[in-house]
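# mind folding the following:
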Amino acid sequence: MNLIPTPLEFDSLKNPPKQIFAIGDLSLLEIPKKIAIVGTRKPNPYTKLHTQALSKMIAKRGGVVVSGGALGVDIIAHIGSFPRTIMVAPTDLDHIYPSSNAKTISQIYSQALALSEYEAVSSPRAYHFLQRNRLVVALSDCVIIPQADLLSGSMESAKLALELGKPIYVFPHRLGESEGTNSLLSEGKAKAIYSPNEWIEEWFGGLFVPQSDEVLEFCERMPSFEEAYERFGEKIYEYELEGKIQRKNGVVYVL
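Numbering: from 1, shown residues only. Sure thing, here's the model as predicted:
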């Protein structure tokens, strides 16, 4: 855990952090497009699917996803965009919270970036989550809330985003579902993402696209492990350990 210069984005806050600690790849802070994705800890299958897909698209187009490492939408967004992701923690970085996300958060520490304003907070209280959320919003160019209840931390994040002039986007939901994001839509405070491809073109049309990864492109076809190993050798084991792919019933899948 290293003390770093406070990112300039936090100067826009009424209560900016006095200090910022970091573990991981600090170059992610320099990426010109940082997108916050935050939401419910209990996403429905529709939200899970599209959160992961959009996060992956953002990373492939050269952006970075910022979130809070929480259960549900947050951790799905981190996984989908890994390793182009920044996690802001509600605790110090010597402690991993929540412990159920320890595997992914440990990978963020080693291959992505984790930030915290706390030097010694081992167990978060309610206000730590709101403090964490303000940094997620301030660091980002816009905020995507895939799903949220009316009374939730995500809605507080939306309120701050509006105060800071950050665009808010939500997924369209059926009546009675995700009443928080539906209220943002009905009040004209957010725009709906009806087409992820069109949203990506709007935000990343002219942005540099990273070089393709031939291993992941090959594994997108869901080859057998034997086929993948024959072509790429020990590199397949490396990708598996890094959480980029997984084996199931002898078939390789991209995560």
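# okay, CA-based contacts and neighbour counts for the rest of this
Fine.
# max-length helix in this structure?
Using DSSP state H, we find that the single longest helix of the chain is helix 45-60.
# that one: which residues count as buried?
Along helix 45-60, these residues count as buried under the neighbour rule (16 or more other C-alpha atoms under 10 Å): 47-48, 50-60.
# may I see the residues you listed arranged in TSV, with pLDDT as well?
Converted to TSV, the buried residues of helix 45-60 look like this (pLDDT from 0 to 100):
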residue	pLDDT
T47	93
K48	92
H50	91
T51	94
Q52	91
A53	89
L54	94
S55	95
K56	91
M57	92
I58	95
A59	94
K60	90
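# which of the residues you listed sits closest to L185?
The shortest gap between L185 and any of the buried residues of helix 45-60 belongs to T47, at 16.5 Å (C-alpha to C-alpha).
# so what's the residue count around the residue nearest to the closest one when sequence neighbours are not counted?
With sequence-adjacent residues excluded and distances taken as C-alpha to C-alpha, 6 or more residues apart in numbering, T47 is closest to P146, at 6.3 Å. Neighbour count for P146, taken as other C-alpha atoms under 10 Å: 26.
# P146: what's it in contact with?
37-39, 47, 51, 73, 169-171, 181 (C-alpha atoms under 8 Å, 6 or more residues apart in numbering).
# if you set the cut-off to 10 Å instead, what comes out?
By C-alpha atoms under 10 Å, 6 or more residues apart in numbering, the residues touching P146 are 37-40, 43, 46-48, 50-51, 73, 154, 169-173, 178, 181, 192-193.
# how much space separates it from I236?
For P146, the distance to I236 equals 33 Å [C-alpha to C-alpha, to the nearest Å].
# could you export the longest helix of the chain as CSV, CA atoms only?
Taking C-alpha atoms only, helix 45-60 is exported to CSV below (Å, rounded to 0.1, in the frame of the first residue of the first chain):
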residue,chain,number,x,y,z
PRO,A,45,-29.9,-12.3,-14.6
TYR,A,46,-30.6,-9.7,-17.3
THR,A,47,-28.5,-7.1,-15.4
LYS,A,48,-25.6,-9.6,-14.8
LEU,A,49,-25.4,-10.5,-18.4
HIS,A,50,-25.4,-7.0,-19.8
THR,A,51,-23.2,-5.5,-17.1
GLN,A,52,-20.5,-8.0,-17.9
ALA,A,53,-20.9,-7.6,-21.6
LEU,A,54,-20.8,-3.8,-21.5
SER,A,55,-17.8,-3.8,-19.1
LYS,A,56,-15.9,-6.0,-21.5
MET,A,57,-16.7,-3.7,-24.4
ILE,A,58,-15.5,-0.7,-22.5
ALA,A,59,-12.2,-2.4,-21.8
LYS,A,60,-11.7,-3.6,-25.4
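# check which helices and strands that helix sits against.
Secondary-structure packing of helix 45-60 (3 or more C-alpha pairs under 10 Å, 6 or more residues apart in numbering; DSSP states H and E): strand 34-37, strand 64-67, helix 73-81, strand 142-145, helix 196-204.
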